[in-house]
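*Asks:* following is a predicted model, sequence given first.
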Protein chains: 4
Amino acid sequence: MYGKRLERWDKAAEWPLMGAAVLFLIAYAVQILVTATDTVRLATEVTIWVTWGIFAIDYVVRLVITENRWKWFYHHLLDLAIVALPLLRPLRLMRFLTILAIVQRGAGNVLRGKVMIYTVGATALTIVVAGLAVLDAERGNGGPIQSLGDAVWWAFVTITTVGYGDYFPVTVTGRIVAVGLMVGGIALIGVVTATLASWIVEKVSDDANKTTAATSTQVDELRGEVAELKDMIRALQVK
Amino acid sequence: MYGKRLERWDKAAEWPLMGAAVLFLIAYAVQILVTATDTVRLATEVTIWVTWGIFAIDYVVRLVITENRWKWFYHHLLDLAIVALPLLRPLRLMRFLTILAIVQRGAGNVLRGKVMIYTVGATALTIVVAGLAVLDAERGNGGPIQSLGDAVWWAFVTITTVGYGDYFPVTVTGRIVAVGLMVGGIALIGVVTATLASWIVEKVSDDANKTTAATSTQVDELRGEVAELKDMIRALQVK
Amino acid sequence: MYGKRLERWDKAAEWPLMGAAVLFLIAYAVQILVTATDTVRLATEVTIWVTWGIFAIDYVVRLVITENRWKWFYHHLLDLAIVALPLLRPLRLMRFLTILAIVQRGAGNVLRGKVMIYTVGATALTIVVAGLAVLDAERGNGGPIQSLGDAVWWAFVTITTVGYGDYFPVTVTGRIVAVGLMVGGIALIGVVTATLASWIVEKVSDDANKTTAATSTQVDELRGEVAELKDMIRALQVK
Amino acid sequence: MYGKRLERWDKAAEWPLMGAAVLFLIAYAVQILVTATDTVRLATEVTIWVTWGIFAIDYVVRLVITENRWKWFYHHLLDLAIVALPLLRPLRLMRFLTILAIVQRGAGNVLRGKVMIYTVGATALTIVVAGLAVLDAERGNGGPIQSLGDAVWWAFVTITTVGYGDYFPVTVTGRIVAVGLMVGGIALIGVVTATLASWIVEKVSDDANKTTAATSTQVDELRGEVAELKDMIRALQVK
């Protein structure tokens, strides 16, 4: 759609981007979980900025090599937002969306199996990152979430919309993360249901279709008979 | 369906009605959030009544200029209720439904993209208005919801059906607002799932359709052969 | 399917059964909400048994006048259970299922609009009855649910799967009612989503079908051309 | 697909495996609910290992008698995990998955009715087993879940995603069981909705299909007319 060069780039960039994403996640987790010495803090901060830089470069390259540049730009405004917004410190977590976007690019064509694999992967990633983010926001602010275990447990309870209320965020940042998780939960239920529905609908309509709709085979057989007719008339003409 | 004049009116009235809706929301929010002096109270009260008046006029005009008046009236009984009921003071909040109805009118034709945009817009609006309404009802009544931040957080927790239970309404009005939000939540899950399902079903059945059902192209080709047959017989007749 | 006589009976019995259902609900509510004198207790108890008797008679009559009696019996085992089980005192509430079954019979053919109306009606009824039943079970047992308002609020919070946890049942009977409500909630989400999905799928596939599948019109036009062919050959034969 | 011998084995093994599954469940329940003497402990431990042995033998036999051994192995990696992992003591509960897998094998062909029956059965089984497992993990660890009744009630509240928060697990094992239940709950909502959706879509599209798509009957009639044409031309040739 946007030329062969973009396709080649997407293929070539897939694994380096994945690597950058994994590095970003590790640095992000270290920052939250390890009591940081100056060296560690510097190393993680550098890693986070370098990986973000890789994502930014990827965006720019894709913009440059695409064929319908304006159309691509218009259809990828979200990509721009995902890359540009995390420059603002409080939106740092939006870099996580970069990762989801890259994972989805890797998922390629959307068929049922791939939708499911992407859903499982994205959900697991979201739970871990949301757990880290909420822990970062809540720790030392008097709320009930004070350890990584509790934070991940809370993320599960939230994304499945169960919501016991044994743990909940009390800070504004924590609540924004929670809202993201809840929206993810609604989407999760939606994807699971939709995939199952498409599967059941197909199973059921398979049987139905066989008996009711005019099939290609039928029409082809009809065509065969019309061809015979032609031959018969040709024979008449020869006479 | 109900004549060109109604269509023209709908188009012309769209932006003024949006403006009135925004004014109504601002006045409603000011009434709840600002400690009102007499002037402020008067100004907001007047704004609320004037904007409601605009909605009422819109209803009457549409009723007058439509072609099948009785049919239109019968199919728009809900519109009548939405316009007429808020005259009763405790049902004041129903004016919010006027706004949702107008937003939906603006959304026009229902295709997947538009369904999604309308869903996001209506959900955001509902959360804000429900937050304001529940704060208005609960503040000073001993329940846990006492600030706008808490109220909006509670609205998110409720509409996604997570329901931690860290905040919940204790007054009758607050609970009625909550029930509205919960019903909205069910509808939200429904719309998200349904839109995803329709998208997946379409993706999957696209491939299936290509191979099984008799296509227009096939039938057209058959028709071409029958046309050739005719020419051959015409040739016979000339002989 | 089971003969004209059964159809006629179903039509004739619809309103009397509805009346009996309403009477049953009133008597059930009075029993729980009014501090009963001996007269009231007797009156409600008699009403409950008489209305149950009407449901039982309806079952027997339908069994007798149907044409394929065994087939009908086999396919309506659930009806038998619903009528027979409430004879056991602790299963008294199952009579409520009789009402739902009758409402559904009244709903007749299942199309989208009717599914929605039935869903709204059944949900409202379920919430009220569950509220009454849980109040009956919990009152005076130390749990948080002690008034009808709280019980109905709790029923809403439960059926929408929000589950704040401000109110919850603590008795076994109350919890069984709650499980029924939760199952109803899952079904409710399912029906809402499914109806929306069917509507969106239809909207979307309408456009798709117009352009791809071989339509009746096309095949009919083809048939017209074949008929012309016949006339041409008939003319040849006359020559 | 994998040969007649595997089909015969599946049929023959169905009931013995069900028996082993029931025995396993009983032994598992006894271990948790009965204050064990040495004899009881030994008996249940032996039963659990023997039933697991039966599942393991079933796996090995199926692997041996199948025709496309590697293909079967590759497509049943999950079965291997389910059989092999419970050897590790903390994953003991995964044996429960063996049972679900066997129940599903018994369910055979997937049509709507069977999907529903399997869903109800699997949900009931999951609730009981999760209740037992969470009780086992939580009892004596200071959390609120301390009796079987509370544990089963908690399982219902969790799988329906209601999540009151009156009971919740506090141990890591208990929380892992809870996450399993929540995932089951999402799947449950998905299956219920999808089955309903497929049913409604079918009902609605039945009517639509009758009027729009070219039916087999139409095409067959057309073929009849073409056959008549042939006869007419044959008559011409004879002349």
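*Replies:* That came in fine, so what should we check first? Note that the structure is predicted; figures quoted are calculated from it, not measured.

*Asks:* in a strand, A:F168, correct?
*Replies:* No: read with DSSP: H, G, I helix; E, B strand; the rest coil, A:F168 is coil and lies in no strand.

*Asks:* hang on, it packs against B:Y164?
*Replies:* Yes: the criterion here is C-beta atoms under 8 Å, and A:F168 meets it with B:Y164 at 4.5 Å. Where you see a C-beta, it was placed from the backbone N, CA and C, and this is true even at glycine.

*Asks:* next up, the contacts around A:G174.
*Replies:* A:G174 is in contact with A:134, A:137-138, A:141, A:143, A:145, counting by C-beta atoms under 8 Å, 6 or more residues apart in numbering or on different chains.

*Asks:* in terms of helices and strands, where is it?
*Replies:* Taking DSSP states H and E as the criterion, A:G174 maps to helix A:172-212.

*Asks:* stretch A:225-239 near chain C at all?
*Replies:* No: using C-beta under 8 Å from any C-beta of the partner chain, stretch A:225-239 stays clear of chain C, with a minimum separation of 8.8 Å.

*Asks:* how about that stretch: buried residues?
*Replies:* Residues A:226, A:229, A:233, A:236 are the ones in stretch A:225-239 that count as buried (16 or more other C-beta atoms under 10 Å in any protein chain shown).

*Asks:* in CSV, list the C-alpha atoms belonging to the helix or strand harbouring the last one.
*Replies:* Right, the one you point to is A:L236. Element membership of A:L236, judged by DSSP H and E, is helix A:216-238. Written as CSV, here are the backbone C-alpha positions of helix A:216-238 (Å, rounded to 0.1, in the frame of the first residue of the first chain):
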residue,chain,number,x,y,z
SER,A,216,-20.1,-21.9,-7.6
THR,A,217,-20.3,-25.6,-8.5
GLN,A,218,-23.9,-25.3,-9.4
VAL,A,219,-23.4,-22.3,-11.6
ASP,A,220,-20.4,-24.0,-13.2
GLU,A,221,-22.5,-27.1,-14.0
LEU,A,222,-25.1,-24.9,-15.6
ARG,A,223,-22.4,-23.3,-17.7
GLY,A,224,-21.4,-26.7,-18.9
GLU,A,225,-24.9,-27.4,-20.2
VAL,A,226,-25.0,-24.1,-22.0
ALA,A,227,-21.7,-25.0,-23.7
GLU,A,228,-23.3,-28.3,-24.8
LEU,A,229,-26.2,-26.3,-26.2
LYS,A,230,-23.7,-24.2,-28.3
ASP,A,231,-22.2,-27.3,-29.7
MET,A,232,-25.6,-28.6,-30.7
ILE,A,233,-26.4,-25.4,-32.5
ARG,A,234,-23.0,-25.4,-34.2
ALA,A,235,-23.9,-28.8,-35.6
LEU,A,236,-27.2,-27.4,-36.9
GLN,A,237,-25.3,-24.6,-38.7
VAL,A,238,-23.0,-27.1,-40.4
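
*Asks:* now chain A against chain C: closest residue?
*Replies:* A:G165 (5.3 Å; C-beta to the nearest C-beta).

*Asks:* which of the three states applies to that residue?
*Replies:* For A:G165, the assignment made with three-state DSSP gives coil.

*Asks:* right, and it touches D:G163 too?
*Replies:* Yes: checked against C-beta under 8 Å, the pair A:G165 and D:G163 is within contact range at 7.5 Å.

*Asks:* overlap in contacts of these two?
*Replies:* In contact with both A:G165 and D:G163: B:163, C:165, using C-beta under 8 Å, 6+ apart.

*Asks:* and the buried residues of stretch A:225-239, which is the shakiest by pLDDT?
*Replies:* Least confident of the buried residues of stretch A:225-239 in the model: A:L236, at 71.

*Asks:* so where is chain A shaky, pLDDT-wise?
*Replies:* Where chain A drops to pLDDT under 70, the residues are A:1, A:36, A:85-114, A:201-218, A:237-239.

*Asks:* which bits of it sit near chain C?
*Replies:* Contacts of chain A with chain C, taken as C-beta under 8 Å from any C-beta, map to A:161-165, A:193-194, A:197, A:213-214, A:219.

*Asks:* and the furthest pair within those?
*Replies:* Farthest apart among those by C-beta to C-beta are A:G165 and A:V219. That separation is 61.6 Å.

*Asks:* before we move on, back to that, what is the nearest of the contacts of A:G174 to chain D?
*Replies:* A:I145 (14.0 Å).

*Asks:* residues in contact with that closest one?
*Replies:* Applying C-beta under 8 Å, 6+ apart, the residues near A:I145 are A:134-135, A:138-139, A:151, A:154, A:167-169, A:174.

*Asks:* switch the cut-off to 10 Å
*Replies:* If you count contacts by C-beta atoms under 10 Å, 6 or more residues apart in numbering or on different chains, A:I145 has them with A:131, A:134-135, A:137-139, A:151, A:153-155, A:166-171, A:174.

*Asks:* you'd agree it is in a strand?
*Replies:* No: read with three-state DSSP, A:I145 is coil and lies in no strand.

*Asks:* how about stretch A:39-55: buried residues?
*Replies:* Quick answer for stretch A:39-55 (16+ other C-beta under 10 Å): A:44, A:47-48, A:51-52, A:54-55.

*Asks:* stretch A:149-165 too?
*Replies:* A:150-165.

*Asks:* ok, of those residues, which one's closest to C:A187?
*Replies:* A:T161 (16.6 Å).

*Asks:* so where does that closest one fall, helix or strand?
*Replies:* Short version: A:T161 belongs to no helix or strand, going by DSSP H and E.

*Asks:* contact partners for the closest residue to A:I26 other than its chain neighbours?
*Replies:* Excluding the flanking residues, the one nearest A:I26 by C-beta to C-beta, 6 or more residues apart in numbering or on different chains is A:T47, at 7.7 Å. Counting by C-beta under 10 Å, 6+ apart, A:T47 makes contact with A:20, A:23-24, A:26-28, A:30-31.

*Asks:* list buried residues within the residues you listed.
*Replies:* A:20, A:24, A:27-28, A:30-31.

*Asks:* output the buried residues of stretch A:39-55 in a markdown table; the columns should cover secondary structure and distance to B:E67.
*Replies:* Conversion of these to a markdown table gives the following (DSSP: H, G, I helix; E, B strand; the rest coil; distance: C-beta to C-beta, whole Å):
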| residue | secondary structure | distance to B:E67 |
| --- | --- | --- |
| A:T44 | helix | 69 |
| A:T47 | helix | 68 |
| A:I48 | helix | 64 |
| A:T51 | helix | 63 |
| A:W52 | helix | 60 |
| A:I54 | helix | 62 |
| A:F55 | helix | 57 |
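
*Asks:* dump these into TSV; add distance to A:L6 as well.
*Replies:* As requested, these are arranged in TSV below (distance: C-beta to C-beta, whole Å):
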residue	distance to A:L6
A:T44	33
A:T47	28
A:I48	27
A:T51	22
A:W52	22
A:I54	18
A:F55	16
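
*Asks:* closest one to C:Y118 out of these, please.
*Replies:* A:F55 (51.2 Å).

*Asks:* buried ones in the host helix or strand of A:V129, by neighbour count?
*Replies:* For A:V129, the host element (DSSP H and E) is helix A:112-138. Burial within helix A:112-138, assessed by neighbour count using 16+ other C-beta under 10 Å, is assigned to A:112, A:115, A:118-119, A:122-123, A:125-138.
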